[in-house]
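turn this into a model:
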Amino acid sequence: MQARQPALWAAATTGMLVGAAMVSTSALSSAASPASLAFLRYAIGLAILAVPAALATWPRYRPRDALAIALLGVAQFAVLILLLNHALARLPASTCALVFATMPLFTWCLAALTGREAVSPRRLTGLVLAVGGVTVLLIGSARPASSLGGAGGLGLLGGSGMAALLAATLVGAATSI
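Prediction:
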């Protein structure tokens, strides 16, 4: 257990940072476009990491590997964030966090479809239970648009916000493989 401790702390910290980013993005979404919010997020990140990046020794990659890394970076740090920001502008942060937290399920499904993960009755049962639980929570939280102060409600399981959220989760899962 001791050897796993740093990984568990890193995962917990990442979860808190992603949650805080979702809430702050949701709060700011009425004041800026999804693209502007993504640009500001990465401009702040660049400002914080510029000096350590300049001092770091960088590994050398073959051109083919560098292209694959660049494409993964664009998918995860541009496309995913733009889709997520779009969803956060239209859906409550709690809904976005709940659906986005299903990324490991999407990742497993993609890995199983591509033959990288074994499919078993036990895993399928876990998948069905998890998706069923998320569905119950989403349907239970659905309210008419007027009850959310014009925030668009969940208009649930439809609309550009949910489509963008599912697409962001799928992009994150695909880049995780």
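
going forward, measure contacts and count neighbours with C-alpha atoms only.
Fine.

put the alpha carbons of the helix or strand where residue 130 lies into PDB.
Counting by DSSP states H and E, the element that carries residue 130 is helix 121-141. This file holds the C-alpha atoms of helix 121-141, laid out as PDB (Å, rounded to 0.1, in the frame of the first residue of the first chain):
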ATOM      1  CA  PRO A 121     -19.500 -11.000 -17.400                       C
ATOM      2  CA  ARG A 122     -18.200  -9.400 -14.200                       C
ATOM      3  CA  ARG A 123     -16.800  -6.300 -16.000                       C
ATOM      4  CA  LEU A 124     -20.000  -6.000 -18.100                       C
ATOM      5  CA  THR A 125     -22.100  -6.100 -14.900                       C
ATOM      6  CA  GLY A 126     -20.000  -3.400 -13.300                       C
ATOM      7  CA  LEU A 127     -20.300  -1.300 -16.500                       C
ATOM      8  CA  VAL A 128     -24.100  -1.700 -16.600                       C
ATOM      9  CA  LEU A 129     -24.400  -0.900 -12.800                       C
ATOM     10  CA  ALA A 130     -22.200   2.200 -13.200                       C
ATOM     11  CA  VAL A 131     -24.000   3.600 -16.200                       C
ATOM     12  CA  GLY A 132     -27.300   2.800 -14.600                       C
ATOM     13  CA  GLY A 133     -26.300   4.700 -11.500                       C
ATOM     14  CA  VAL A 134     -25.200   7.700 -13.500                       C
ATOM     15  CA  THR A 135     -28.400   7.600 -15.600                       C
ATOM     16  CA  VAL A 136     -30.600   7.500 -12.400                       C
ATOM     17  CA  LEU A 137     -28.700  10.500 -11.000                       C
ATOM     18  CA  LEU A 138     -29.000  12.500 -14.200                       C
ATOM     19  CA  ILE A 139     -32.600  11.800 -14.700                       C
ATOM     20  CA  GLY A 140     -33.300  12.500 -11.000                       C
ATOM     21  CA  SER A 141     -31.500  15.900 -11.300                       C
END
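
quick one: buried residues of the next helix or strand after it?
Using DSSP H and E, the helix or strand that directly follows helix 121-141 along the chain is helix 159-176. Buried residues in helix 159-176, defined by neighbour count with 16 or more other CA atoms under 10 Å: 161-174, 176.

which one of those is nearest residue 10?
Closest to residue 10 out of the buried residues of helix 159-176 is residue 176 (16.6 Å), distances taken as CA to CA.

the closest residue to that closest one other than its chain neighbours: neighbouring residues, count only.
The shortest distance from residue 176 to any non-neighbouring residue, by CA to CA, 6 or more residues apart in numbering, is to residue 107 (6.8 Å). Using other CA atoms under 10 Å, residue 107 has 21 other residues around it.
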